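Asks: What follows is a predicted structure for the sequence shown.
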Amino acid sequence: MLQPSFGLAILLTTLVALGPLSTDLYLPALPTLAQAFATDAARVQLTLSVFLAGFAVAQLFYGPLSDRYGRRPVMLFGLVLYLVSSVACMLATSIDALILARFFQALGACAGPVLGRAIVRDVYGPVQAARVLAYISGAMAIAPMIGPLLGGWLTVWFGWRANFAALSLFSAVQVTATFLLLGESNA
């Protein structure tokens, strides 16, 4: 059984941050995307709308799937889907390919917030779970501040693909840490 620890709380915080980071990091690149793909702003904004729609739909499935198959395998599936989709976003050669990759990226990104909170509930008691969720929420308030700053810097210095490279790297670390450190919490 998974034991509560500071390291687990940090890992769960990064997993919950996946959704906000996925939207906030690349926002400064939207005008650059319009230029790179020679399209209008409305088409580029679909990359955000489709992400939000995919994220919303995926929330309906992760809870029941993790109740049936376990938190760990479903989390790993979502993180690997996110990693592959982030690489696909980085390598997209058309706006349509980017929109499709963003949809699948959202399906994967949703695993972190949904299952991260479920794991907190599984591992920590009611009192300690409230404390850990408050810590996670506090840390999450920082993501919308850091994401656009980092994304703008990456876009200016390395181009729009660097944002998705950073998300790919972040998710590769998460897949590795989850595989090595996160045991099953759903008894």
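Replies: Happy to help now that I have it.

Asks: From residue 136, how far off is residue 41?
Replies: 34 Å (C-beta to C-beta, to the nearest Å). Bear in mind the C-beta positions are built from the backbone N, C-alpha and C, glycine included.

Asks: In terms of neighbours, single out the busier of those two.
Replies: residue 136 (21 against 11; other C-beta atoms under 10 Å).

Asks: Now do the helix or strand where that one lies: which elements does it pack against?
Replies: According to DSSP states H and E, residue 136 maps onto helix 126-140. If you count contacts as 3 or more C-beta pairs under 8 Å, 6 or more residues apart in numbering; DSSP states H and E, helix 126-140 packs onto helix 6-16, helix 111-123.

Asks: So for residue 79, which of these sits nearest?
Replies: helix 111-123 (6.2 Å; C-beta to C-beta).

Asks: so what secondary structure elements neighbour the closest one?
Replies: helix 6-16, helix 18-24, helix 41-69, helix 71-91, helix 126-140.

Asks: List the buried residues of that helix.
Replies: 111-120, 122-123 (16 or more other C-beta atoms under 10 Å).

Asks: Show me which of those is closest to residue 4.
Replies: Residue 4 lies nearest to residue 123 out of those, by C-beta to C-beta, at 5.3 Å.

Asks: Next, the angle helix 6-16 makes with the least confident helix or strand in the chain by mean pLDDT.
Replies: One helix or strand of the chain scores below all others by mean pLDDT, DSSP states H and E: helix 126-140, with a mean of 85. Per axes from the mean of the first three to the mean of the last three C-alpha atoms, to 10 degrees, the angle that helix 126-140 makes with helix 6-16 is 50 degrees.

Asks: hmm, who's touching helix 126-140?
Replies: 4, 9, 12-13, 16-17, 20, 116-117, 120-121, 123-124 (C-beta atoms under 8 Å, 6 or more residues apart in numbering).

Asks: And the helix or strand that that helix is followed by, what does it pack against?
Replies: Reading on from helix 126-140 to the C-terminus, the next helix or strand found by DSSP H and E is helix 143-158. Contact here means 3+ C-beta pairs under 8 Å, 6+ apart; on that basis helix 143-158 packs against helix 18-24, helix 161-181.

Asks: May I see the buried residues of helix 143-158?
Replies: For helix 143-158, by 16+ other C-beta under 10 Å, it's 143, 147-148, 150-151, 154-155.

Asks: in the protein, what spans have low per-residue confidence?
Replies: 1 (pLDDT under 70).

Asks: Residue 54 and residue 140, how far apart?
Replies: Distance from residue 54 to residue 140, counting by C-beta to C-beta: 20 Å.

Asks: who has more neighbours, the two?
Replies: Of the pair residue 54 and residue 140, residue 54 is the one with more neighbours under other C-beta under 10 Å, namely 20 against 16.

Asks: which residues does the more buried one contact?
Replies: 102-107, 110.
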